[in-house]
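Asks: prediction below, plus the sequence it came from.
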Amino acid sequence: MSARQSPLRRTLAGGLSVHPIGIGAWALGGPDYNLGLPMGWSTAVDAASRRGLETAYELGANLIDTADVYGHGHSERVIGDFVATVPRDTVVLSSKVGYHRGTARHAYLPSAMRRQLETTLENLRTDRLDIYFLHNSDFGPDDRYLDEAVAQMRDFQRQGLVTAVGMRGPHRYATERVTVAKDQRGDKYARFAYLAEQVRPDYLAARFNALTPPPAAGRPDIFALAASLGASVLINKPLAQGLLTGKYDPDQPPAFAPGDHRLRKAWFTPEALKIIQDGLAPLRKRFGDTSAALTRVALQYCLQQADNAAVLVGFTRPEQVTENLTAVGTPLTINELAFVRDTLGRLQRNLDAHSEVFLDEKGTGR
């Protein structure tokens with residue numbers, strides 16, 4: 001059986017059949033700024049990005065997720081050059097709108113959305129998207145553009161330009177962490193519940209990994225939220241951007257160039273990396289002292305949360321793609337899942353305490 005005939009498939013909303021490990025293409029956009037903040041990846045190299053996409057395809061991965069704002073179109077163009085070399089029906093393409101408004105008054109103006117979709121399709125060298133996400137929850141003052149944005153998405157579907165509609169799970173607009181005091185921020189869960197009723201999405205995009213704390217008492221997790229909507233979940237940051245693989249040495253912390261979002265993340269400081277190194281020790285002892293072993297644990301932890309979900313894993317090197325895609329296939333036992341949850345729950349609490357200090361000292365969030 002060839003890699004392209006891999007039996008590893010999940011059927012998600014809208015009947016989309018995908019490998020459980022998809023490609024998150026944020027890093028492919030390279031270094032960039034948006035809303036006055038660094039929001040890209042300074043470690044991306046186009047040649048390596050292309051080889052990584054080819055490697056993923058050969059290993060059976062068929063879901064590729066990007067956004068118009070990733071490198072302001074660069075990620076989409078890198079993917080498009082690859083997509084042009086394979087049959088279109090062998091890949092599932094997902095992109096997003098909402099954080100790149102260009103010169104429009106607002107990114108969710110219907111006319112702006114139409115222009116962005118047209119550009120996205122051109123960049124990806126395709127005539128349709130399998131999933132199109134509303135990338136953020138800012139629909140203007142008093143949600144001025146919400147109804148029109150939802151109507152425009154449905155019109156895209158009627159025209160056959162978009163198969164399924166997605167939205168971000170509970171989250172905050174990118175600048176809130178640095179412009180709004182913590183005690184003045186709105187309830188992101190209540191906000192999500194309201195928007196979900198208006199959008200009725202087929203897909204939710206949500207950050208989730210073994211460091212994600214459990215929801216507050218009485219509050220459903222992202223998978224229960226999705227089930228209540230009849231939606232599927234695309235899980236992003238399942239490896240906590242490499243932190244859960246133990247790749248970073250606190251004695252030789254990474255140096256990120258301008259335009260890299262990790263410059264403002266507390267978890268990439270030497271102090272936090274030491275907390276992570278110590279916190280991963282029990283996992284290394286039980287599952288193996290290699291990056292591959294920790295990758296398997298982190299990805300399986302996510303995949304075993306729900307069948308109606310896939311994980312999106314980013315990369316900057318093709319070797320990472322191979323490691324990620326060969327990690328699936330050996331589920332964790334119930335006892336192992338509990339061990340991972342308890343071990344990384346302790347690590348998460350220690351990291352959160354560090355992040356609070358970092359926030360106070362640096363005036364920035366993770």
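Replies: Received, thanks. Residues are numbered from 1 along each chain as shown.

Asks: please count neighbours and contacts with C-alpha atoms only from this point.
Replies: OK.

Asks: strands along the chain, start to end?
Replies: For the chain, the strands defined by DSSP state E occupy 10-11, 17-18, 21-24, 33-34, 37-38, 63-65, 92-97, 129-134, 162-168, 203-207, 232-236, 309-313.

Asks: may I see those arranged in TSV, with distance to Phe192 and mean neighbour count as well?
Replies: As requested, those are exported to TSV (distance: least, CA to CA, whole Å; neighbours: other CA atoms under 10 Å):
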stretch	distance to Phe192	mean neighbour count
strand 10-11	25	16
strand 17-18	26	20
strand 21-24	23	26
strand 33-34	23	17
strand 37-38	24	18
strand 63-65	21	25
strand 92-97	17	24
strand 129-134	12	24
strand 162-168	8	24
strand 203-207	11	23
strand 232-236	15	25
strand 309-313	19	26
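
Asks: what's the closest non-adjacent residue to Ser42?
Replies: In this structure, Ser42 finds its nearest non-sequential neighbour in Pro31, 4.5 Å apart by CA to CA, 6 or more residues apart in numbering.

Asks: so for the one you found, what pLDDT did the model give?
Replies: Per-residue confidence (pLDDT) for Pro31: 96.

Asks: same check, this time on Leu332
Replies: Here the pLDDT value assigned to Leu332 is 96.

Asks: next: Gln300.
Replies: 96.

Asks: excluding its backbone neighbours, what's nearest Asn62?
Replies: That would be Val91: by CA to CA, 6+ apart, it lies 4.6 Å from Asn62.

Asks: burial check on that neighbour, number of neighbours?
Replies: Close neighbours of Val91, defined as other CA atoms under 10 Å, add up to 18.

Asks: how much space separates it from Asp289?
Replies: Per CA to CA, to the nearest Å, Val91 is found 34 Å from Asp289.

Asks: do the same with Pro254
Replies: When CA to CA is applied, the distance between Pro254 and Asp289 equals 21 Å.

Asks: where do the helices sit along the stretch 151-300 of the chain?
Replies: 176-179, 188-199, 222-229, 270-287, 291-303 (DSSP state H, counting those that start in this stretch).

Asks: which of those helices sits most buried?
Replies: Stretch with highest mean neighbour count among the helices of the stretch 151-300 of the chain: helix 291-303 (a mean of 21; mean count of other CA atoms under 10 Å).

Asks: hmm, who's touching that one?
Replies: 20, 208-210, 235, 238-239, 244-247, 283-284, 287-288, 309-311, 323-324, 327-328, 330-332, 337, 340 (CA atoms under 8 Å, 6 or more residues apart in numbering).

Asks: return the distance of that helix from the chain's centre.
Replies: From the chain centre to the centre of helix 291-303 is a distance of 16 Å (CA atoms, centre = their mean, to the nearest Å).

Asks: equivalent analysis for stretch 26-45, please.
Replies: Offset of stretch 26-45 from its chain centre (CA atoms, centre = their mean): 14 Å.

Asks: repeat that for stretch 98-117.
Replies: Computed by CA atoms, centre = their mean, the separation of stretch 98-117 from the middle of its chain amounts to 21 Å.

Asks: in it, what's buried?
Replies: Buried residues in stretch 98-117, counted by 16 or more other CA atoms under 10 Å: 98-101, 106-110, 112-114, 116-117.

Asks: just the C-alpha atoms of it, please, in PDB.
Replies: Provided in PDB are the C-alpha atoms of stretch 98-117 (Å, rounded to 0.1, in the frame of the first residue of the first chain):
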ATOM      1  CA  GLY A  98     -10.400  38.700   9.300                       C
ATOM      2  CA  TYR A  99      -6.900  39.800  10.400                       C
ATOM      3  CA  HIS A 100      -5.700  41.200   7.100                       C
ATOM      4  CA  ARG A 101      -7.900  44.200   6.100                       C
ATOM      5  CA  GLY A 102      -5.600  45.800   3.600                       C
ATOM      6  CA  THR A 103      -6.900  49.300   2.900                       C
ATOM      7  CA  ALA A 104     -10.500  48.500   3.700                       C
ATOM      8  CA  ARG A 105     -12.300  50.100   6.500                       C
ATOM      9  CA  HIS A 106     -12.700  46.700   8.200                       C
ATOM     10  CA  ALA A 107     -11.700  43.200   7.300                       C
ATOM     11  CA  TYR A 108     -15.300  41.900   7.600                       C
ATOM     12  CA  LEU A 109     -16.800  44.300   5.100                       C
ATOM     13  CA  PRO A 110     -18.400  42.000   2.500                       C
ATOM     14  CA  SER A 111     -16.600  43.800  -0.300                       C
ATOM     15  CA  ALA A 112     -13.300  43.300   1.600                       C
ATOM     16  CA  MET A 113     -14.100  39.600   2.200                       C
ATOM     17  CA  ARG A 114     -14.800  39.100  -1.500                       C
ATOM     18  CA  ARG A 115     -11.500  40.600  -2.400                       C
ATOM     19  CA  GLN A 116      -9.600  38.600   0.200                       C
ATOM     20  CA  LEU A 117     -11.100  35.400  -0.900                       C
END
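
Asks: against Thr120, how distant is Leu16?
Replies: Per CA to CA, Leu16 is found 20 Å from Thr120.

Asks: the more surrounded of these two?
Replies: Under the neighbour definition other CA under 10 Å, Leu16 and Thr120 were set side by side, and Thr120 has more, 25 against 15.
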